[in-house]
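[1] Below are the sequence and a predicted model; questions follow.
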Amino acid sequence: MAVEHIRKWKIGDVEVVRIVEVNAHEDPFEVLMSGATPEVAKQYDWLFPNFATPDGRMKISFQAFILRSGKEKIMIDTCIGNDRQREYPIFTNMQTSFIEDLTVAGYAPETVAKVLCTHMHFDHVGWNTRKVNGRWVPTFPNARYLFGRKEYDHWQMLKRTGGYPDFTHLADSIDPITNAGLADFVEPNLKITDEVTLVPTPGHTPGHVSVHISSKGQEAFITGDMMHHPIQLAETDRFGNFDMDKEQGLKTRKAMFERLGDKKVLVIGSHFSEPTAGYIVRDKKNWRFEVQ
């Protein structure tokens, strides 16, 4: 079990829990942003040791978050999932303790009321389902799954036109939910509870959303893949290689940094390695991440 990676925050009355599936995976920064060499990363000493290795490689985690707001338990993204065939060998036929960790944290799947996917890349929808007797069935049987209408329609278009290299995740993680009648197609500014609201952050995908939490005068922001790594705060003019619309992704990040920067808003990075949460603060002409 990965219990040692369970982490909790309190935002007013809202509890946020992190469940890690892949911890501190290492890759060259150039995988994320073209031209981001180790020398570029080494300019920013605040990246070390949490977000970069001593030789200038990025550390990135694959994780999900679950919230308790009022009486509702809300899953934010569902990682990669076990038993899958994926484009990348590292994510194929995974066997992790994700469900057990959720239960240990106090969020057994059958108690979850809503599941929100910030977007429909494979690493954010996987545990929507699990394999039982050779069939993909909903992991959270009593939940409504909130899929962005624009996001869902875009992926259906890509599937019809062959506009993406691999659609396996739709078949095993999205279609079983819609077939079971558990999906609600929502707008990108949906207010999920009085304390939890979606924020449109397009670019990575057309219907991508982030999550804003406000309770008892405290605020937090779960990024989704609006950004993948804190280095993007410093290198604001570099395109993200994984963004479907690179220009829009750049504009969205810059606007959100201005909105969140130098304010007491706890930013929880969906792919940020431990400690995952912190504050965006001004650093010369750009920004840096100040860990909590």
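    Yes, it's here. This one's a predicted model, so the numbers in the text were calculated from it and none came from an experiment. Numbers count the residues shown, from 1 in each chain.
[2] what are the ranges of the helices in the chain?
    38-41, 98-104, 149-161, 168-169, 175-179, 231-234, 246-260 (DSSP state H).
[3] most tightly surrounded among the ones you listed?
    helix 231-234 (a mean of 23; mean count of other C-beta atoms under 10 Å). Quick note: C-beta positions are derived from backbone N, CA and C, even for glycine.
[4] That one packs against which elements?
    Judged by 3 or more C-beta pairs under 8 Å, 6 or more residues apart in numbering; DSSP states H and E, helix 231-234 is in contact with strand 277-283, strand 286-291.
[5] and Val196, which of those strands is closest to it?
    strand 277-283 (16.3 Å; C-beta to C-beta).
[6] Parallel or antiparallel, list what pairs with the closest one.
    Each strand paired with strand 277-283, and its direction, by DSSP bridges: strand 265-268 (antiparallel), strand 286-291 (antiparallel).
[7] among those strands, which is the most enclosed?
    Most buried of those, by mean neighbour count (mean count of other C-beta under 10 Å): strand 265-268, with a mean of 23.
[8] Give me the contact list for it.
    With contact meaning C-beta atoms under 8 Å, 6 or more residues apart in numbering, strand 265-268 is reached by 9, 11, 16, 18, 65, 218-223, 260, 276-280, 289, 292.
[9] One more pass at 6 Å, please.
    Strand 265-268 has contacts (C-beta atoms under 6 Å, 6 or more residues apart in numbering) with Glu219, Ala220, Phe221, Ile222, Ala277, Ile280.
[10] and if you look at stretch 148-162?
    Counting by C-beta under 6 Å, 6+ apart, His119, Met120, Tyr164, Phe167, Phe185, Pro188, Pro206, Gly207 sit against stretch 148-162.
[11] List the ones among these that fall in strands.
    Phe185 (DSSP state E).
[12] Which two among the contacts of stretch 148-162 are spaced furthest apart?
    Phe167 and Pro188, at 22.6 Å, using C-beta to C-beta across those.
[13] sorry, back to before: and of the strands paired with strand 277-283, who's closest to Gln232?
    Across the strands paired with strand 277-283, closest to Gln232 is strand 286-291 (C-beta to C-beta), at 9.1 Å.
[14] Report how many residues lie close to the nearest residue to Thr78 once chain neighbours are set aside.
    Spatial nearest neighbour of Thr78, chain neighbours left out: Trp127 (3.7 Å); criterion: C-beta to C-beta, 6 or more residues apart in numbering. Trp127: 25 surrounding residues under other C-beta atoms under 10 Å.
[15] My guess is Trp127 contacts Asp77. True?
    No. Counting by C-beta atoms under 6 Å, Trp127 stays clear of Asp77, with 8.8 Å between them.
[16] a markdown table for the helices of the chain, including mean pLDDT?
    Listed next are the helices of the chain as a markdown table, based on pLDDT from 0 to 100:
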| stretch | mean pLDDT |
| --- | --- |
| helix 38-41 | 98 |
| helix 98-104 | 97 |
| helix 149-161 | 98 |
| helix 168-169 | 97 |
| helix 175-179 | 98 |
| helix 231-234 | 98 |
| helix 246-260 | 98 |
